[in-house]
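K.L.:
sequence plus predicted model, see below.
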Amino acid sequence: MSAFETAIVVVEGIASLLLAIALVTLLLGARRLPATPRWLMVALLLVFVLVAVANFLSWSGLFVKAEFVQNILWPLVPVLWLFLFVVERQRTDRERATREYGRMKAVHALATQLAVALDPQKVMEGVVEAAARLLDAQLACICLPDEAKTNLVIHASYGIQADEIRGLRFERIEGTSIWRAFLEKRPFVLAHDGGHAMHPTNRKIVERYRIVSLVNAPLVLSGEAIGTVGVGRQAAHAFTDDDIALLETLVAYAAVAIHNARLYQRIVESEARHRALMEHAQVAIVVVDVSRHITFWNRGAERLFGWAAAEVLQRHVELIYPEEKRADVPREVLTHLDREGYWFGEYPAVRKDGSRFTCFLSLSRVTDPSRKALGTLGIVLDATEPARLREQVVQAQKMEAAGALAAGIAHDFNNLLTGILGFAGLMKSSLSPGGENFKAAAQIEAAAERGTQLVRRLLSFSHKQPVEVQPVRLNEVVTEAATFLRRVLPPTINLVTRLGPRLHIIQADATEMHQIIMNLGVNARDAMPRGGDLVLVTENLDLRPDEAARLGLETGPHVRLTVTDTGTGMDPDVLQHVFEPFFTTKPKGAGLGLSTAYAIVTRHRGRITCASEAGRGTTFQATFPVAPAKAAAGSA
Amino acid sequence: MLHLGEILTLVIGLVAAIYLVANWRQLRAIPTLRPFVLPLLFMVISWASAVVEDLFPAGGLTSLSVAFEETVGPEEGGTLLSAVFNLTEHAAILAAAVGLLLAARSLARQYQERPR
């Protein structure tokens, strides 16, 4: 055998040996390799081994007929090779299609979930988990820019411990993959070393979690990047084009879902803010739909009408109108609303307990952007208090005018009486007592005296007399006045006094206090022609803001005198004129008793009120402020 | 003298190589096929060398043999070029064998049975 032939034999021998080793390695090692490529490779190697061995034997002269084997087997090698390529490609294509289908199904399922998810945080957490699972990754996170867009901040992560991402941010460094993904709106893949393209924060995470391959993809919505999604793998295989395409599909859905969830959250927050504003408004706010069923009822409405929101929602709004108004007024109001878009005015209303009151009602039509009517917004204010205050002002003005008139009359009348009294005295002195003329002069003098007393009362009512206030114990005044009253009351009237213990001292004119009690007592006597009970009560009370506002007094400690009778009482028409001067229902009354009491109480910075019901009796309440501590101490 | 078997082998090998080139983008992504690409190229070189070698001792393409060649070295009157191509043919087979051994090892590592 020549040297050349020997070289060929050696080469063929080595090749045979290597191929045999390869065959065994494949058979024993790659057990998890799919069956088709595995057996094709085995066949290829086997044929190859046989050809190489045949060559070796042929060249070495050990088996001359090896050529025959060679002739048959040699063309099989490229055939098997081609077959391996074609079959394996088909198999991997099928596998890939199946995998892609599975991934797309998963993406579709995720997209369906995301489409209805309303919490942005949950959406982001769902996205990172899905991204990690679909891409067979161990780590994923979503970063959103801060307001200045100088930092990308991690908002959700998968595979990273929560305490490690707290406050973790990617400050803006041009050229780093995460910022390039965000600014250039395309994904960037990095190997574990990453070079200068890896952001230092990325590097920390990569080193901490032994990430080998990393991809950053932008969350793009309407051509604008709203954040990035980063996915990292610990395994050696890098992200393929399919992986990137899948991630791009996923982040496209995610961007829409995150954007929608954030919009929804803003709407919810805005709605909650507006609802809170309406809920906490002190006025009553009621919203009704086009069929006038209540759709909103705030706390103010609960307070004003006494209905809880749960009781009235979806009920017809007519429940707050008095029965006789239910049919007519809404039509009238709606007509104005349709024409002008609003209506306001005073309107009668009814509470849950059936009590009626007048309210200020402001109605506005609510429409959508296309001006389609959605309902009506009503703002309701209790008009009772303003009406009462208005009435108080009118009453005060009336009393002031009457006082001025009375003062003028009293002044002129007093001048006349002075002259009459003087001349009556002169006449009496010039006449002999017991004579007819003397008696007439005495009658003139007595009448003039009564006139003088009337003038004093007029002056008292008209505030023209000076008040000398000093610390007064009201209980003592009441006790003394009760003694006087008993003398003027018939035996059929039972006088009762209930004096409050440790009654506060008030700043008052004791004589005028006495006069109030006498006036009220006499008035009560006249109201009880068949007898009854007259009760005088004194008490301390601490005025709360609502009652103080109702009375027009300051809050805090006060003393109250209550005079109650069980007499004939008054109907509302009489009641509203009860404090007016010269108003009387008695045949011989002057109409000055209660008006004087009113004037005295007012002059003492107090308030007098009257409650009465025909046939049930009357109650007068005079409320006085407590004397300052210094003055009270002086009296003690 | 050309041999039909060698030409047939080369033609099929070239078809495989053309298929490989034409579908390179898809095939390179298949992890089980990637290690078999280089050995195939070596084998194409080997098969081509076998065919070219036959052109020299017989002096042309005029006579075709139905059987495989019996290589003749320079010592036995063959040309030097024929010997070089012959050696190339077998060296390429050796290279392909090395490549296939590496491919088998790579696949064995990649697809070895792991304990669950």
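P.N.:
Everything's here; your move. Numbering: from 1, shown residues only, chains lettered A, B, ... in the order given.
K.L.:
what mean pLDDT does stretch A:171-185 have?
P.N.:
Stretch A:171-185 comes out with an average pLDDT of 89.
K.L.:
just stretch A:103-121 next, same as before
P.N.:
Taken as a whole, stretch A:103-121 has a mean pLDDT of 84.
K.L.:
what's the answer for stretch B:16-32, then?
P.N.:
Averaged across stretch B:16-32, the pLDDT comes to 87.
K.L.:
what are the contacting residues of that stretch?
P.N.:
Contact with stretch B:16-32 is made by A:33-34, A:37, A:78, A:81-82, A:85-86, A:88-89, A:92-93, A:240, B:33-34, B:37, B:40-41, B:44, B:107, B:110, as judged by CB atoms under 8 Å, 6 or more residues apart in numbering or on different chains. Every C-beta, even on glycine, is put in place using the N, C-alpha and C of the backbone.
K.L.:
report the buried members of the residues you listed.
P.N.:
A:33, A:37, A:78, A:81-82, A:85, A:88-89, A:92, B:33, B:37, B:40-41, B:44, B:107, B:110 (16 or more other CB atoms under 10 Å in any protein chain shown).
K.L.:
tell me the contacts of A:Glu391?
P.N.:
A:Glu391 sits next to A:Gln576 when contact means CB under 8 Å, 6+ apart.
K.L.:
beyond the helix or strand that contains it, next helix or strand please.
P.N.:
For A:Glu391, the element it lies in under DSSP states H and E is helix A:384-430. The first helix or strand that comes after helix A:384-430 along the chain, using DSSP H and E, is helix A:436-461.
K.L.:
who are the packing partners of that next one?
P.N.:
Packing contacts for helix A:436-461, counted by 3 or more CB pairs under 8 Å, 6 or more residues apart in numbering or on different chains; DSSP states H and E, involve helix A:384-430, helix A:593-603.
K.L.:
may I see the ones you listed organised as CSV, with mean pLDDT added?
P.N.:
Listed next are the helices and strands packed on helix A:436-461 as CSV, based on pLDDT from 0 to 100:
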stretch, mean pLDDT
helix A:384-430, 79
helix A:593-603, 86
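K.L.:
could these go into JSON lines alongside distance to A:Glu279?
P.N.:
What follows is these, written out as JSON lines (distance: least, CB to CB, whole Å):
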{"stretch": "helix A:384-430", "distance to A:Glu279": "23"}
{"stretch": "helix A:593-603", "distance to A:Glu279": "41"}
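K.L.:
among the buried ones among the contacts of stretch B:16-32, which are in helices?
P.N.:
Applying DSSP state H to the buried ones among the contacts of stretch B:16-32, the entries found in helices are A:37, A:78, A:81-82, A:85, A:88-89, A:92, B:37, B:40-41, B:44, B:107, B:110.
K.L.:
adding pLDDT and distance to A:Thr452 as columns, could you present these in JSON lines?
P.N.:
Formatted as JSON lines, these follow (pLDDT from 0 to 100; distance: CB to CB, whole Å):
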{"residue": "A:Pro37", "pLDDT": "83", "distance to A:Thr452": "135"}
{"residue": "A:Pro78", "pLDDT": "89", "distance to A:Thr452": "149"}
{"residue": "A:Trp81", "pLDDT": "88", "distance to A:Thr452": "144"}
{"residue": "A:Leu82", "pLDDT": "90", "distance to A:Thr452": "143"}
{"residue": "A:Phe85", "pLDDT": "88", "distance to A:Thr452": "138"}
{"residue": "A:Glu88", "pLDDT": "87", "distance to A:Thr452": "135"}
{"residue": "A:Arg89", "pLDDT": "88", "distance to A:Thr452": "133"}
{"residue": "A:Thr92", "pLDDT": "86", "distance to A:Thr452": "128"}
{"residue": "B:Val37", "pLDDT": "89", "distance to A:Thr452": "138"}
{"residue": "B:Leu40", "pLDDT": "91", "distance to A:Thr452": "143"}
{"residue": "B:Leu41", "pLDDT": "92", "distance to A:Thr452": "143"}
{"residue": "B:Val44", "pLDDT": "92", "distance to A:Thr452": "148"}
{"residue": "B:Leu107", "pLDDT": "87", "distance to A:Thr452": "135"}
{"residue": "B:Gln110", "pLDDT": "81", "distance to A:Thr452": "130"}
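K.L.:
A:Ala191 pairs with what?
P.N.:
A:Ser213 (DSSP bridges).
K.L.:
what about it, how many residues nearby?
P.N.:
Neighbourhood size, A:Ala191 [other CB atoms under 10 Å in any protein chain shown]: 14.
K.L.:
show the contacting residues for it.
P.N.:
The neighbourhood of A:Ala191, defined by CB under 8 Å, 6+ apart, consists of A:Val212, A:Ser213, A:Leu214, A:Ala238.
K.L.:
look up how far A:Met198 lies from it.
P.N.:
Relative to A:Met198, A:Ala191 is positioned 9 Å away (criterion: CB to CB, to the nearest Å).
K.L.:
do B:Pro31 as well
P.N.:
Separation of B:Pro31 from A:Met198 (CB to CB): 26 Å.
K.L.:
cool, A:Lys586 as well?
P.N.:
For A:Lys586, the distance to A:Met198 (CB to CB) stands at 105 Å.
K.L.:
more crowded one of these two?
P.N.:
Legend: neighbour count by other CB under 10 Å for A:Lys586 and A:Met198, higher for A:Met198 (22 against 11).
K.L.:
pLDDT below threshold where in the chain?
P.N.:
This is for chain A. Residues of chain A that meet the criterion pLDDT under 70 lie in A:1-2, A:63-67, A:192-196, A:236-237, A:327-330, A:457, A:460-467, A:587-590, A:631-636.
K.L.:
my bad, chain B
P.N.:
Chain B contains residues with pLDDT under 70 at B:1-2, B:56-79, B:113-116.
K.L.:
so who does the closest residue to chain A within it touch?
P.N.:
Closest residue of chain B to chain A, CB to the nearest CB: B:Ala108 (2.4 Å). By CB under 8 Å, 6+ apart, the contact set of B:Ala108 is A:Thr25, A:Leu26, A:Leu28, A:Gly29, A:Ala30.
K.L.:
right, and the fourth one touches B:Leu107 too?
P.N.:
Yes: counting by CB atoms under 8 Å, B:Leu107 is a contact partner of A:Gly29 at 7.2 Å.
K.L.:
need the overlap of contacts for the two.
P.N.:
When CB under 8 Å, 6+ apart defines a contact, no residue borders A:Gly29 and B:Leu107 alike.
K.L.:
what's the closest non-adjacent residue to the closest residue to chain B within the stretch 501-636 of chain A?
P.N.:
Among the residues of the stretch 501-636 of chain A, A:Pro545 lies closest to chain B, at 78.0 Å counting by CB to the nearest CB. The shortest distance from A:Pro545 to any non-neighbouring residue, by CB to CB, 6 or more residues apart in numbering or on different chains, is to A:Thr555 (5.4 Å).
K.L.:
cool, A:Arg605 as well?
P.N.:
Residue nearest to A:Arg605 in three dimensions, not counting chain neighbours: A:Pro625, with 5.6 Å by CB to CB, 6+ apart.
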